[in-house]
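sequence plus the predicted model coming up.
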Amino acid sequence: MAKKVVIVGGVAGGASAAARLRRLDEDAEIIMFERGLHISFANCGLPYYIGNIIPDRKRLLVQTPERMQARFNIDVRTLSEVTRILPSQKEVEVCDLSSDETYRESYDYLILSPGAFPLAPDLPGIDLSNVFKIRNVPDSDTVKKYIQEQEPETAVVLGGGFIGLEMADVLHESGVETAVVEASSQIMGPLDAEMAAIVQNYLRWQGIDLYLADRAAALEGTDRVEKVVLESGRTIPADMVVLGIGVRPEVGLAQEAGLALGSTGGILVDEYLRTSDPFIYAVGDAIQVRDFVTGRDVLVPLAGPANRQGRLVADNIAGYPTRYGEVQGTAIVKILDMAAAVTGSNEKSLTREGRDFLTCHLHPSSHAAYYPGSTQMSMKLLFTPGEGKVLGAQIVGYNGVDKRIDVLATAIRAGMTVFDLQELELAYAPPFGSAKDPVNLAGYVASNMLKGDVEMAYWPEVPELVAAGAVLLDVRTSREFSRGAVEGARHVPVDNLREHLELIPRDKEILVYCRTGLRSYIAARILSQHGYRCKNISGGYELYRAAYQTEDS
């Protein structure tokens, strides 16, 4: 007997489930309900459509109802909102938004793909006409039209996460003077503070104002917002405001139907993506999943996991039982010319979970430095003591960030160690990489730590170590030293170190740094083999200057 499958919501999870199910079962009756006009659109491309990087609106429409019907024989009903689920009767209640009529539809299996909705703070002025959210194509049309017709001079983005920064990028490139307000002390929560600082410095250098550790208290204006008042009392002029605070899983339907929710507030599903009702599955931004590294319950509103979940649910309904694994949260964002990427766990999450870990920083070139166009990237690798299992990575740079984070994401999924990273044979030619790829280099640095070839220190702990008697040693060239150094550091270039060991006290711990960490590693090896107690400072002066240097340093 043919199955009848009803899908609530399209985009990544719902549309993927529908197409996959049809490929597996030609006889199934498949009905997809979507309250909007578009069943499958490139959600992640919306900011770039607003910024005219993607000028053709049709390019955002991954699949239309007509094409879905023709190719997959799916009954697609747009402008149809499912308002109620009746699990005991295996029916849903549907409101046809074009006629305002309500009817019921039965199902054998139900797939929920409701997604998440943008958070909107309860602020005075939040409902004014020039306050925008970005969730779907019509939202993007509205913002794009406003920019084109009203030509705003100033904009404030509330929220410094991925969505907020993408919108800040688009607005800035459109010639709008842009400010970002973020309640946390840093932008981009998945990055650790010192890595986020690199992005923050870049944004400020590019002319985007950042207001960190502050919140909007009110949006002031008569018919439209004219300025944003912050809790600190500061005010920012604003011809438009964009909400990029984040999203919350849309679980109202599930909750009203009595389906269990998880500790995160997302819909609780098992390893087969079944809800607490065995005939109802759920996918996408609305569900609670498990973190691959920590095992913690999390919400991961990303398109990649949603697509995979849709596919697996179709497999399970079609009779091919397939378990869904944990998520890593691999993500990347373009911010003007810079890219920032993450995978696995960061230092904050590992500390919160009480996990033992080590970290290393490095600043390799995107490809062979002698080939034109090479740029520097900053990498952070997190791994376990002892075996060196890779736990997470963060990369900030301009070129080649994407392919390195993908390699490291694969390494985490495969359970690889930093010693394995050394052995990876990655594509090399001068325009694309280096004979020692940045991923290999990360493995070398980390394995040196594990083998005891070098002991690391980190900039936040340096002041305390110096106060306890340690000596700070700068081994860069004299020219580099003259352009800026850490206060109180002694200077002996690494190439002259052997001839001037008498300048280095033997009764004190030596904290060595260079620009990126390579020369200081060499210096640390020289000193340790001459009987000195020494540590190499992770990330070198490059990281210090970006993340820890104060104005009076």
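Yep, it's here.

all contacts plus neighbour counts: C-alpha atoms, from now on.
OK.

name the SS class of the residue of the chain positioned farthest from its centre, please.
Distance from the centre of the chain peaks at Glu502, with 48.4 Å (Cα atoms, centre = their mean). Here Glu502 is recorded as helix under DSSP: H, G, I helix; E, B strand; the rest coil.

now it: how far from Gln529?
Noted for Glu502: a distance of 15 Å to Gln529, by Cα to Cα, to the nearest Å.

what about Asn130, how many neighbours?
Neighbourhood size, Asn130 [other Cα atoms under 10 Å]: 21.

so where is the stretch 151-300 of the chain shaky, pLDDT-wise?
Low-confidence segments of the stretch 151-300 of the chain (pLDDT under 70): none present.

what residue is smack in the middle of the chain?
By Cα atoms, centre = their mean, the chain has its centre lying nearest to Ala331, at 4.2 Å.

what bridges to that one?
Val342 (DSSP bridges).

please enumerate the strands of the stretch 101-250 of the chain.
For the stretch 101-250 of the chain, the strands defined by DSSP state E, counting those that start in this stretch cover 101-106, 109-112, 116-118, 131-133, 154-158, 177-182, 209-212, 216-220, 227-230, 235-237, 241-243, 247-249.

hang on, isn't Glu226 packed against Pro237?
Yes - counting by Cα atoms under 8 Å, Glu226 does reach Pro237; the two are 6.0 Å apart.

just say helix, strand or coil for Glu425.
coil.

would you quantify the distance from it to Gly433?
With Cα to Cα as the criterion, Glu425 and Gly433 are 12 Å apart.

ok, those two, which is more surrounded?
A direct count of neighbours by other Cα under 10 Å for Glu425 and Gly433 places Gly433 higher, at 20 against 11.

residue contacts, the more buried one?
Applying Cα atoms under 8 Å, 6 or more residues apart in numbering, we find Gly433 in contact with Ser366, His367, Ala368, Ala427.

give me the distance between the nearest residue to Gly400 once chain neighbours are set aside and Gly262.
Using Cα to Cα, 6 or more residues apart in numbering and skipping the chain neighbours, the partner closest in space to Gly400 is Ser366 (5.5 Å). Using Cα to Cα, one gets 42 Å for the distance from Ser366 to Gly262.

which of the two has more neighbours?
Ser366 (25 against 16).

just the pLDDT at that one, thanks.
At Ser366, the model reports a pLDDT of 95.

isn't it up against Asn399?
Yes - between Ser366 and Asn399 there is a contact under Cα under 8 Å: 5.8 Å.

how about the helices of the stretch 401-550 of the chain, start to end?
401-413, 418-423, 438-450, 462-467, 478-482, 518-529, 540-543 (DSSP state H, counting those that start in this stretch).

can I get the ones you listed in JSON lines including mean neighbour count and distance to Gly354?
Compiled in JSON lines, the helices of the stretch 401-550 of the chain are given as follows (neighbours: other Cα atoms under 10 Å; distance: least, Cα to Cα, whole Å):
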{"stretch": "helix 401-413", "mean neighbour count": "19", "distance to Gly354": "19"}
{"stretch": "helix 418-423", "mean neighbour count": "20", "distance to Gly354": "21"}
{"stretch": "helix 438-450", "mean neighbour count": "22", "distance to Gly354": "20"}
{"stretch": "helix 462-467", "mean neighbour count": "14", "distance to Gly354": "23"}
{"stretch": "helix 478-482", "mean neighbour count": "12", "distance to Gly354": "39"}
{"stretch": "helix 518-529", "mean neighbour count": "21", "distance to Gly354": "29"}
{"stretch": "helix 540-543", "mean neighbour count": "23", "distance to Gly354": "26"}
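
any idea which of these gets closest to Glu250?
helix 401-413 (28.4 Å; Cα to Cα).

what average pLDDT does that closest one get?
Per-residue scores along helix 401-413 average to 97.

which elements pack onto it?
strand 338-344, strand 390-397, helix 438-450 (3 or more Cα pairs under 8 Å, 6 or more residues apart in numbering; DSSP states H and E).

thanks a lot, see you next time.
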